[in-house]
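> Generate coordinates for the sequence data below:
(2 chains)
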Amino acid sequence: NAGVTQTPKFQVLKTGQSMTLQCAQDMNHNSMYWYRQDPGMGLRLIYYSASEGTTDKGEVPNGYNVSRLNKREFSLRLESAAPSQTSVYFCASSEGAGGVPNYGYTFGSGTRLTVV
Amino acid sequence: GEDVEQSLFLSVREGDSSVINCTYTDSSSTYLYWYKQEPGAGLQLLTYIFSNMDMKQDQRLTVLLNKKDKHLSLRIADTQTGDSAIYFCAEGATPLVFGKGTRLSVIA
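Coordinates of the predicted model:
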């Protein structure tokens, strides 16, 4: 019963370093999403992939890139980390194609990233 | 654009009912959702309501939808300490838009 798996769970980066956050789902979902959660800001969408082979920008895409490697996997890359990217990152997936969520999203447990 | 508004905090006594309110802007949303986030965890789908319904009941949870006023509420009956969490309202289709979350504190 894995659902959505995110790795790593915790990470500390120095300013300017790069890293990739990994996300994989085993529910054969079509759509996948990356959100960041900051105190008082709720969840903000970074990028999403409505279906395999497509990606679209969300509300806060600057400083990030994504890759929909296959139907299961959707990675988020920080090319040059900045302190403003300190946050908790959540990956989610949904059954609906075209980003239409049928009965909601399934979330991973999050990656807590600190950039110093 | 789409927007979802929630109050940020709610405090209730154990055994009382909790009511968490949400207003939204996208009248074309087919479904509206409530998610629960416990400390250190991801969001978990709590319940959802189809837009042509006024009410949905699921054990201790009651969802009320007022489409005219674009108002959604979540009532938790007999609130327990285990209900302490952040509750998010969400609407939309492509993709979901979340409110900032309401932190529910249950006092024993």
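> For burial, what's the neighbour tally of residue B:51?
13 (other C-beta atoms under 10 Å in any protein chain shown). Yep, even glycine has a C-beta here, placed from its N, CA and C like the rest.
> So which residues on chain A come close to chain B?
For chain A, the residues in contact with chain B (C-beta under 8 Å from any C-beta of the partner chain) are A:4, A:31, A:33, A:35, A:40-43, A:45, A:48, A:50, A:58, A:90, A:92, A:94, A:98-101, A:103-110.
> Which of the residues you listed are buried? Put it as a ChimeraX command.
Here is the ChimeraX selection string for the buried members of the residues of chain A next to chain B, based on 16 or more other C-beta atoms under 10 Å in any protein chain shown:
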select /A:4,31,33,35,42,43,45,48,50,58,90,92,94,99,100,101,104,105,106,107,108,109,110
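> mind listing which of the residues of chain A next to chain B are in strands?
Among those, the members found in strands (DSSP state E) are A:4, A:31, A:33, A:35, A:42-43, A:45, A:48, A:90, A:92, A:94, A:106-107.
> Compile those residues into JSON lines and extend it with columns for pLDDT.
Output for these, formatted as JSON lines (pLDDT from 0 to 100):
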{"residue": "A:4", "pLDDT": "96"}
{"residue": "A:31", "pLDDT": "90"}
{"residue": "A:33", "pLDDT": "95"}
{"residue": "A:35", "pLDDT": "96"}
{"residue": "A:42", "pLDDT": "87"}
{"residue": "A:43", "pLDDT": "91"}
{"residue": "A:45", "pLDDT": "94"}
{"residue": "A:48", "pLDDT": "94"}
{"residue": "A:90", "pLDDT": "97"}
{"residue": "A:92", "pLDDT": "95"}
{"residue": "A:94", "pLDDT": "89"}
{"residue": "A:106", "pLDDT": "91"}
{"residue": "A:107", "pLDDT": "94"}
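> right, and residue A:40 touches residue B:86 too?
No - at 11.6 Å, residue A:40 does not count as touching residue B:86 under the criterion of C-beta atoms under 8 Å.
> Show me the beta-bridge partners of the residue nearest the centre of chain A.
Nearest to the mean C-alpha position of chain A, counting by C-alpha atoms, centre = their mean, stands residue A:34 at 2.6 Å. Judged by DSSP bridges, the bridge partners of residue A:34 are residue A:47, residue A:91.
> Likewise for residue A:65?
Going by DSSP bridges, residue A:65 forms beta bridges with residue A:77.
> quick one: it and residue A:79 touch, right?
Yes - Residue A:65 is in contact with residue A:79 according to C-beta under 8 Å; the separation is 6.6 Å.
> Return every residue with contacts to both of these two.
Shared contacts of residue A:65 and residue A:79 (C-beta atoms under 8 Å, 6 or more residues apart in numbering or on different chains): none.
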